[in-house]
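1. what's the 3D shape of this:
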Amino acid sequence: MTTSISQARSSVFRLEMWGILFIVLVGALLHFSFELSGDWHPLGIISAVNESVWEHLKLAFWPAVFWTIIEFFFVLRTGKDRREGFILAKAIGSYIMPLVIVIIFYTYTAFTGESLLAVDLASFVIAIVIGQIVSYKLWKSSRLPHVLDSLGLALFIIGILLFAVFTFLTPQIGIFQDPVTGGYGIG
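-> You can find the predicted model right below:
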């Protein structure tokens, strides 16, 4: 019995590690997909439409959502007791990724006064690794009640709505401003 639990945890952990690769690669594709699509507005909901910090947060959030959906089908096969808390844990992980990116970006640019591509890329990967590990640890180490998955689903919906709305109705504040053009949102 202990061996099967250990094997199940190991397979879920491996799945989380594959998730890191998936999120990084899909996020990289989403960086360029809007421009490559000829600025197709519906794609702007999930793709970066400019070089603002906000738009770059989509590159971690959306692939994390997509990975959660893929991973959920794996989790469905593992039994009800292992599904409890999964959605909440993944939602928290998907929020941690953009939060880590923002913290690293604004911390280092406060000292350098400018954005550095290598640091931005590293922070993207670091944020994804941290988000995936946190979601895994939350899900596996604590038996979150299944009822909290409703909260996780609500968090996903809020994030999805915020990224969609702020793409087209963009607040005129710094995190949303494209440092290249000075514009905001899909404009």
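
2. quick check: next helix or strand after the lowest-mean-pLDDT helix or strand in the chain?
-> Every helix and strand of the chain was ranked by mean pLDDT, DSSP states H and E. The lowest is helix 80-83, at a mean of 60. Towards the C-terminus, the helix or strand next in line after helix 80-83, according to DSSP states H and E, is helix 86-112.

3. doesn't Gly152 lie inside a helix?
-> Yes. In this structure, Gly152 lies within a helix as judged by DSSP: H, G, I helix; E, B strand; the rest coil.

4. from here on, count from 200
-> Done: numbering now begins at 200, and the last item shifts to Gly351.

5. tell me the pLDDT of it.
-> Taken from the predicted model, the pLDDT recorded for Gly351 is 92.

6. contacting residues for it?
-> Contact analysis of Gly351 by CB atoms under 8 Å, 6 or more residues apart in numbering lists Phe285, Ile286, Leu287, Ala288, Lys289, Ala290, Ile291. The way it works is simple: take the backbone N, C-alpha and C, and place the C-beta from them, glycine included.

7. which residue ranges of the protein form helices?
-> Secondary structure of the chain (DSSP state H): helices at 201-235, 252-275, 279-282, 285-311, 316-340, 348-367.

8. mind putting those helices in TSV, distance to Asp377 included?
-> Converted to TSV, the helices of the chain look like this (distance: least, CB to CB, whole Å):
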stretch	distance to Asp377
helix 201-235	12
helix 252-275	8
helix 279-282	41
helix 285-311	14
helix 316-340	15
helix 348-367	12
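
9. worst average pLDDT in those?
-> Least confident of the helices of the chain, judged by mean pLDDT, is helix 279-282 with a mean of 60.

10. still on that earlier bit, so which of the contacts of Gly351 wins on neighbours?
-> For the contacts of Gly351, neighbours were counted by other CB atoms under 10 Å; the highest total belongs to Lys289, with 30 neighbours.

11. Ala263 is in contact with that one, correct?
-> Yes. Under the contact definition of CB atoms under 8 Å, Lys289 touches Ala263, with a separation of 7.4 Å.

12. for Gln376, find the nearest of the helices of the chain.
-> If you check each of those against Gln376 by CB to CB, helix 252-275 wins as the nearest, at 8.5 Å.
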